[in-house]
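> model the structure of this input:
(2 chains, ligands or ions: 2)
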Amino acid sequence: MEKKNWPLWEVFIRSRQGLHHKHAGSLHAADEQMAIENARDVYTRRNEGISIWVVESKHIHASSPAESEALFDPANDKVYRHPTFYDIPDEIKHM
Amino acid sequence: MADITALEAHFQNTIDQEIKIEPKDWMPDAYRKTLIRQISQHAHSEIVGMLPEGNWITRAPSLRRKVALLAKVQDEAGHGLYLYSACETLGVERNELVEQLHDGRAKYSSIFNYPTLTWADIGVIGWLVDGAAIMNQVPLCRCSYGPYARAMVRVCKEESFHQRQGYEILLTLSKGTEAQRRMLQDAVNRWWWPSLMMFGPNDADSPHTAQSMKWKIKRFTNDELRQKFVDVCVDQAKLLNVTLPDPDLKWNEERGHYDFGEINWDEFWQVVKGHGPCNKERIDTRRRAHEEGAWVREAAMAFAEKQARRRAEESSQVA
Ligand SMILES: [Fe+2]
Ligand SMILES: [Fe+2]
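Ligands and ions are numbered 1, 2, ... in the order given. So this is what the prediction gives:
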């Protein structure tokens, strides 16, 4: 019996040595090996990558936009976490 | 439950500030439906669009032309896949989209219902059809829906090679024999008007445009994009020494644009409704490919499940 769809995978590509893997998109594949092979054909036809991660989409847990205030607003008023918050005389160099 | 009016106001405000809408954000049903229709139609066009060009891969006149055409057609498959994956973020499943294409509920660009009769058609498709697609797609890179906009950025980066490879084919023909030049002119004659139809009905007959512009899915109207396209094509045609098959085509000093003749909208609607020269053949081909591939999809899934079972058994023995 044919399953409706092959599982959905999220694809992350490292474009150059020294950079993070970055989300590129998604695709369907029967298993992780095929997901990597398909990702290579779909997302790296022009040297866009040197390394691929695939994660089955159902394993990704995301924060919800509804909780974004609770999660991220507290950082808004913590200006003292930034270097510009501190008054240092102009003649001080290398700081 | 939050008040719908407040949600809608917040949504429109986000869009007015040019902030992207992402999959998990609240959005009006009509926005979601509009996007599913537009993105899936776009994806289907990329997929069906492989067929007219695929028709010439085995008959490309040189190895150089053949690798280029193969790479282009493969790109179009990629475009279809980026777009399906963007569409699926809106909560619709891939098999549902494919079914809609196969049973005729979903449309694709009517340009792909015309046949590719000669090698010159491959050049003209790159020049005019990809050219028109680029006109449409560049503004979509700024579409308010994040996944669609990001897919379009990728697509647009790849399109310019498509157009240039087509134009190069035509330049070669234009410097060729008398027969080759005739073949070039004939292809332009057949593809010019259908290419102009790619921008869709006139603004006056396009009732959804206003809403799509308000939602910043669309940035320009059909007629604005069509005019831009005509304006750039005229010079490109001159260099190929071809005439565009429109006696009304002439520079309008006052408007700063080229005037052009009336599109045959009867033909456009005929083709949209399924009565173009290749509608049936295109959908039959897609359906057949899908049905004949069913055993491969099943076998791959069965194999993946078996491998997973084996791994589970092995790890339980080790433990
Ligand atoms: Fe494309
Ligand atoms: Fe293209």
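> can you list the low-confidence ranges for chain B?
Chain B contains residues with pLDDT under 70 at B:1-2, B:319.
> quick one: name the residues of it near chain A.
B:22, B:24-26, B:71, B:74-75, B:78, B:81-82, B:85-86, B:88-89, B:93-95, B:150-151, B:154, B:158, B:294, B:297-298, B:300-301, B:303-304, B:307-308 (CB under 8 Å from any CB of the partner chain). (Glycine included, C-beta is placed from N, CA and C.)
> in strands, which of these fall?
Using DSSP state E, no member of the residues of chain B next to chain A sits in strands.
> filter these to the buried ones?
Buried by 16 or more other CB atoms under 10 Å in any protein chain shown: B:25, B:75, B:78, B:81-82, B:85-86, B:88-89, B:94, B:150-151, B:154, B:158, B:297, B:301, B:304, out of the residues of chain B next to chain A.
> wait, what's in contact with residue 44?
Since no chain was named, I'll use chain A. A:13, A:52 (CB atoms under 8 Å, 6 or more residues apart in numbering or on different chains).
> sorry, should have said chain B
Neighbours of B:His44 in contact, by CB under 8 Å, 6+ apart: B:80, B:97, B:101, B:106-108.
> same check, this time on B:Ile263
So, once contact is read as CB under 8 Å, 6+ apart, B:Ile263 ends up touching B:193, B:196-197, B:202.
> helix or strand: which one has it?
Using DSSP states H and E, B:Ile263 maps to neither a helix nor a strand.
> which one is the closest residue to ligand 2 within chain A nearest to, not counting chain neighbours?
Per CB to the ion, A:Arg45 is where chain A lies closest to ligand 2, at 13.1 Å. Take A:Arg45 and drop its neighbours on the chain: the residue closest to it by CB to CB, 6 or more residues apart in numbering or on different chains is B:Gly78, 6.5 Å away.
> right, and B:Ser160 touches B:Ile134 too?
Yes - counting by CB atoms under 8 Å, B:Ser160 does reach B:Ile134; the two are 7.1 Å apart.
> would you map the strands across the stretch 101-250 of chain B?
Secondary structure of the stretch 101-250 of chain B (DSSP state E, counting those that start in this stretch): strands at B:250-252.
> which parts of chain A are helices?
A:32-43, A:68-72 (DSSP state H).
> and the shortest one with chain B, contact?
No - interface with chain B: helix A:68-72 contributes nothing (CB under 8 Å from any CB), its closest point being 9.7 Å away.
> give me the neighbour count for the residue of chain B found nearest ligand 2.
Taking CB to the ion, ligand 2 has its nearest neighbour within chain B at B:His162, 3.7 Å off. By the measure other CB atoms under 10 Å in any protein chain shown, the count of residues near B:His162 is 26.
> quick one: it and B:Asp205, what's the gap?
Using CB to CB, to the nearest Å, B:His162 is found at 29 Å from B:Asp205.
> what of B:Ser85?
32 Å.
> residues contacting the closest residue to B:Tyr167 other than its chain neighbours?
Leaving aside its sequence neighbours, B:Tyr167 sits nearest to B:Trp127 (CB to CB, 6+ apart; 4.9 Å). Shown in contact with B:Trp127 (CB under 8 Å, 6+ apart): B:163, B:166-167, B:170, B:236.
> for the closest residue to B:Arg190 other than its chain neighbours, what are its contacts?
Closest residue to B:Arg190 apart from its sequence neighbours, by CB to CB, 6+ apart: B:Tyr114 at 7.1 Å. Residues near B:Tyr114 by CB under 8 Å, 6+ apart: B:52, B:190-191, B:194, B:276-278.
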